[in-house]
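Chemist: Give me a 3D structure for the following:
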Amino acid sequence: MYGTIARLHPKADRIDELTALLRKFESGESIPAGFRHAWVFTPDVNPYDQLTLFLVAVFDDRETYVANADSPDQDVQYQEMRALLEDDPLWMDGTFAGM
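Modeler: Predicted coordinates for the structure are as follows:
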């Protein structure tokens, strides 16, 4: 499996909106090919100097992940999410291996 982990700095007054938007993406009518699952991780203790969440998204393989990342639909979703953030996400793409 392949995907991304993104560090997000949500606007403090928009956290509920952000989590609702991310849930909407995952349960939407047009789930991208190869999509497996997504999670939002909220640390119990925030070691950062600002509010930080992590988004994890997993696809079947790199090809389906890249196809989704390059799609116009994904860009629309990204712009909606970005409007709720203080700054651009930090993306870390890579392989997920089962344990």
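Chemist: what does the helix or strand of the chain with the lowest mean pLDDT contact?
Modeler: In the chain, no helix or strand scores lower on mean pLDDT, DSSP states H and E than helix 15-26, which sits at a mean of 84. Here helix 15-26 makes contact (Cβ atoms under 8 Å, 6 or more residues apart in numbering) with 8, 10, 37-38, 40, 51, 53, 55, 77, 80-81, 84-85. Quick note: C-beta positions are derived from backbone N, CA and C, even for glycine.
Chemist: Pairing partners for W39 in the sheet, please.
Modeler: Beta-bridge partners recorded for W39 (DSSP bridges): V56.
Chemist: wait, doesn't it sit right on L55?
Modeler: Yes - with contact defined as Cβ atoms under 8 Å, W39 counts as touching L55 (7.5 Å).
Chemist: Tell me which of the two has more neighbours.
Modeler: A side-by-side neighbour count of W39 and L55, using other Cβ atoms under 10 Å, places L55 first with 20 against 12.
Chemist: Next, give phi and psi for the residue lying closest to the more buried one once chain neighbours are set aside.
Modeler: Leaving aside its sequence neighbours, L55 sits nearest to A6 (Cβ to Cβ, 6 or more residues apart in numbering; 4.3 Å). Per-residue torsions, A6: phi -120, psi 130 (degrees, to the nearest 10).
Chemist: One more: L51?
Modeler: The phi/psi pair for L51 (degrees, to the nearest 10) reads phi -50, psi 130.
Chemist: And for it, the neighbour number?
Modeler: 15.
Chemist: how far away is it from A67?
Modeler: 32 Å (Cβ to Cβ, to the nearest Å).
Chemist: try Y2
Modeler: From Y2 over to A67 (counting by Cβ to Cβ), the distance is 11 Å.
Chemist: and what of Y78?
Modeler: Separation of Y78 from A67 (Cβ to Cβ) stands at 15 Å.
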